[in-house]
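J.: Structure for the following, please:
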Amino acid sequence: MSMPSDPRPYAGSLSDGRSAGATRVEVALAQGGVELRPRGERQAPAQHLVWPYDKLRSAVPLSAAAPDVLLSLKPDGGQALFVADPAFAGALLARAPALSSAHQRWRGVRPGLAVFATVALAASAVWVADLSPAKAVARVMPQQSREALGRAVIAGMTEGRKVCETPAGRAALDKLIQRLTAAAADKPMAARVTLVDWGLVNAFAVPGGQIVLTNGLIRQAASSDEVAGVLAHELGHALELHPETGVVRAMGLAAATQLIFAGSSGTVTNIGLILTQLRYTRIAEQEADAHAMRLLKGAGISPKGLGDFFERLEGKQPIPEAVKKITEFEAIRTHPLTKDRIAVVRAQAAYPTTAALGDADWQALRQACGGAPVVRPVAATGQPSADGTPMPVPEPSKEEAEADREIAEANKALEANPNDVAALQKRGRAFTKKNDHTASLADYARAIALKPADPGLHYGHGWSLQNLRRYEEALRAYDEALRLAPNYANARNNRGNTNRALKRYPAALQDFDELIRSQPSYIHAYYNRGIVHRDLNSHEDAIRDFGATIAQDKDYTAAYTSRGMSYERTGARDKAIADFRAALAVPPKYNNGAWAHRTARERLKALGVDAGR
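T.: Numbers count the residues shown, from 1 in each chain. The predicted structure follows:
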């Protein structure tokens, strides 16, 4: 029984096998064979070129999932057809099963395919790895052609934008990329990163082992570990030749052959536009992630930074309207930040790590495009819970203007005496108020070197580390503060919050229990202990702790909302509604008050209740 025709047109590129030129064609799967006609031209069916299915030859044995197909025609094999459509291979195999790996092994290509001979040999060598023809071409592309492609892309992407090249920033970036590439293989790979002053939050690999990194990503990142994780992912794309493979698919095999044989200036000129139109497949992203995990482990850098960055950007990466209108930049939105990928990062086994960059280098990188970017990785409350509940901070926040004034005063004092510990501490606190935690960290580290027995300095140091999500280091800082001052309430409270962020719930409960025992009036300890109980689904204990918080402070906004959420989870709908309304009836107190109001309104709406009544 014959297979019915598939009238769907597939886009293809047809080469005569004698020159680098190619004709764009429409491809259809007819009953008698693969039907070819010049794209956009109307011809009678009798004038269409038909390649019989039993005369087809594939460059590599096909699988139904192959993203592209390279075909020639037996017996002469003079012409070559390239189709880059993921649906084509499966539809073709249904009509020409002899092309599958179960029926076909590589046979030498006749001299008529001279211009494709190099590609054919590469495909022969790698067919067992299930590589596509496009990837086979990418593998034999000369390094000089890859680098030329990469430079063309970078030139196109940086046109009208500043390339950030300060000596200190360049040194920090080179240090980071060398640390990662040294872990790539026995012989470190060659790679270079170009930092562009662009507000978009992204980084992407281009051919030739080159990466474009935006200042928007640097501004968004909470630590050098996060930047290292993103760069390791892009290096994974480079190692797999994903940019080069994508170029071959977009250009067609014949045009790519020009690049194999020393390149073509006309081809390279517009390659930046071509590359930015590409999208990576889910498999390609998984391959890049796998390389990233390997590179980070080899470099001794924690993979948690990559997970933190993914989590913060998931569903929260707006594209500026100006960029949305430029279709060639569509590929910048193509990194799927899925929960599965985050889970893979979080599942990595622990190993010894150090920060990707030292504080001075990280600060230099952040300032490479001019000015000190404001970093707001998390609310000044540390790690939020799974439902977004921020943790309270004992110290109330101040206006940025006041912080700027304090920084100016501290700078003046430090000009007179660079070893003024009080001025360093004052400036560190002011940077914390501005959420510039990297700058704060540097000041506290310097102050501790001058006065190591001051528990307040260790507390400030830990607070900066906690806000940068460097939790293990934060715990060590709080441990030292408590060793020097066992009754330091803020240090114990923050250590409990840090243990909770690490999901070390017994340790967190122990900290809050001890704090409540030693200082019963410390209301934040009751609230934070309630949050831990809620994380553990111990809602009765959580309700008790939130109630104890409210008993001490009737205006503790978040305590009402959090207790209402626990009531809601236990099915006590009326009590939940009463607490959500109570939260809205008091001012948004403490730095989680705004969250409390917003969440209370959301929960009332979900319960079908008018928040205004």
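J.: okay, now the domains of the protein?
T.: 6-140, 143-366, 379-502, 508-613 (automatic domain parsing).
J.: Just put those domains in TSV and tack on mean pLDDT and mean neighbour count.
T.: Where C-beta positions appear, they are placed from N, C-alpha and C, glycine not excepted. Shown next, in TSV, are those (pLDDT from 0 to 100; neighbours: other Cβ atoms under 10 Å):
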stretch	mean pLDDT	mean neighbour count
domain 6-140	68	18
domain 143-366	74	19
domain 379-502	82	20
domain 508-613	91	19
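J.: OK, contacts around residue 503?
T.: residue 535 (Cβ atoms under 8 Å, 6 or more residues apart in numbering).
J.: what secondary structure does it sit in?
T.: coil (DSSP: H, G, I helix; E, B strand; the rest coil).
J.: got it, and residue 419?
T.: Residue 419 is classified as coil under three-state DSSP.
J.: what about the helices in the stretch 151-300 of the chain?
T.: 167-181, 215-220, 224-239, 242-251, 253-260, 265-269, 271-275, 282-299 (DSSP state H, counting those that start in this stretch).
J.: do the stretch 401-550 of the chain as well
T.: Counting by DSSP H, counting those that start in this stretch, the helices of the stretch 401-550 of the chain are 421-433, 437-450, 455-467, 471-484, 489-501, 505-518, 523-535, 539-552.
J.: For residue 194, give its distance to residue 288.
T.: 19 Å (Cβ to Cβ, to the nearest Å).
J.: residues touching the closest residue in space to residue 541 that isn't next to it in sequence, list them.
T.: With Cβ to Cβ, 6 or more residues apart in numbering as the criterion, residue 541 has its nearest non-adjacent residue at 4.1 Å, and that residue is residue 533. Contact analysis of residue 533 by Cβ under 8 Å, 6+ apart lists 509, 539, 541, 542, 545.
J.: What residues does the nearest residue to residue 237 once chain neighbours are set aside make contact with?
T.: Leaving aside its sequence neighbours, residue 237 sits nearest to residue 205 (Cβ to Cβ, 6+ apart; 4.0 Å). The contact partners of residue 205, taken as Cβ under 8 Å, 6+ apart, are 211, 234, 235, 237, 238, 242, 243.
J.: I'd guessed the second one sits against residue 206; true?
T.: No - taking contact to mean Cβ atoms under 8 Å, the distance of 9.3 Å between residue 234 and residue 206 leaves them out of contact.
J.: Spatially nearest residue to residue 513, not counting backbone neighbours?
T.: Going by Cβ to Cβ, 6+ apart, residue 513 has residue 529 as its nearest residue, at 7.3 Å.
J.: Now do the same contact list for that neighbour.
T.: Per Cβ under 8 Å, 6+ apart, neighbours of residue 529: 496, 509, 512, 513, 516, 545.
J.: rerun at 7 Å
T.: 509, 512, 545 (Cβ atoms under 7 Å, 6 or more residues apart in numbering).
J.: Pipe those into a markdown table and attach distance to residue 37 per row.
T.: Below are these laid out as a markdown table (distance: Cβ to Cβ, whole Å):
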| residue | distance to residue 37 |
| --- | --- |
| 509 | 73 |
| 512 | 74 |
| 545 | 74 |
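J.: Could you single out the nearest of the residues you listed to residue 80?
T.: Closest approach between the contacts of residue 529 and residue 80, by Cβ to Cβ: residue 509, at 68.4 Å.
J.: Which residue comes closest to that closest one once chain neighbours are left out?
T.: Residue 509 sits nearest to residue 532 (Cβ to Cβ, 6+ apart), 5.7 Å away.
J.: Please give me every residue in contact with the one you found.
T.: Per Cβ under 7 Å, 6+ apart, neighbours of residue 532: 500, 505, 508, 509, 512.
J.: Before I go, just wanted to say thanks for your time.
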